[in-house]
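In: Provided below are the primary sequence and the corresponding predicted coordinates.
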Amino acid sequence: MPYRKTYSFRVQPQDVDFQYNVTMSALANILLTTAGYNADDNGFGIRFLNEKECTWVLIRFAVEMNRFPQQYEDIQVETWIEDVGRASTTRNFTIFDSKNEIIGNACSNWVMLDLNTRRAKDLLTLEGIHHFASNEPGLIEKPIKLDVVDGEQYDGFKVKYSDIDINGHVSSMRYIQWVSDCFSLNYYKKCNVKRYEFNFMNEVFFDDFVEIVGQEISPGDFRFEISKDDKTACRARVVF
């Protein structure tokens, strides 16, 4: 069984920032789209889970980039499942440019969410899914459990229609966008993102009010926490 599969993308104008580099959230969207394609190919995609009143939910995510692809650049994303446990599964990614050179890597952890109870379900109830586990590690450090952030408030706002995905809660890409918006244009002109990682911990829904606090724990290493009603929804790290 071929554990690895590669998918092709072209970076579009809506995916890039003022420097023509793909944004953190748009790159995450490409990676999660790759995961969706491969899950469908393996027979365990979101449509299959929806028939069981379940869905896939991302709980941890880490990306490391040597460089960000630019507008109209063609890239290839290779993905494979490293392991499948009872509670979660690990999926890895490698990003190649048109010269077949590695420009980045990513690692993700997922759970199967029961849409009725909003609780994680045993993955081993998906008969045959463990056959897709390659036991092949990714090329970067796995996303870790991020610590509590005791910093200053960066932002606060109410969750709106455009923040909500098909699972009825704030989308993963929106959290990434919120955190990436905490830096100025001048900072992005001076510094390049090397790694970003997220812990998605509790759901946030329409009309919830969220607050973002952050701190720079060492030069170029920032930590963020997004919460609602004093309950942590997400923690993040961005390293320049």
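Out: Now that the structure is in, tell me what you want to look at.
In: now name the helix or strand holding the most centrally placed residue in the chain.
Out: Residue closest to the mean C-alpha point of the chain, counted by CA atoms, centre = their mean, is Phe61 at 4.6 Å. Per DSSP states H and E, Phe61 falls inside strand 54-65.
In: what pairs with that strand, parallel or antiparallel?
Out: Sheet pairing for strand 54-65, assigned by DSSP bridges, gives strand 102-114 (antiparallel), strand 195-200 (antiparallel).
In: for Trp80, which of the ones you listed is the nearest?
Out: Nearest of the strands paired with strand 54-65 to Trp80, taken as CB to CB: strand 102-114 at 10.9 Å. For glycine as for every other residue, the C-beta is placed from the backbone atoms N, C-alpha and C.
In: for the strand holding Phe61, buried residues please.
Out: Within strand 54-65, the residues scored as buried using 16 or more other CB atoms under 10 Å are Cys54, Thr55, Trp56, Val57, Leu58, Ile59, Arg60, Phe61, Ala62, Val63, Glu64, Met65.
In: in TSV, list these along with pLDDT.
Out: Putting the buried residues of strand 54-65 into TSV (pLDDT from 0 to 100) gives the following:
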residue	pLDDT
Cys54	97
Thr55	96
Trp56	97
Val57	97
Leu58	98
Ile59	98
Arg60	98
Phe61	98
Ala62	98
Val63	98
Glu64	98
Met65	98
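In: out of those, which is nearest to Leu113?
Out: Val57 (4.5 Å).
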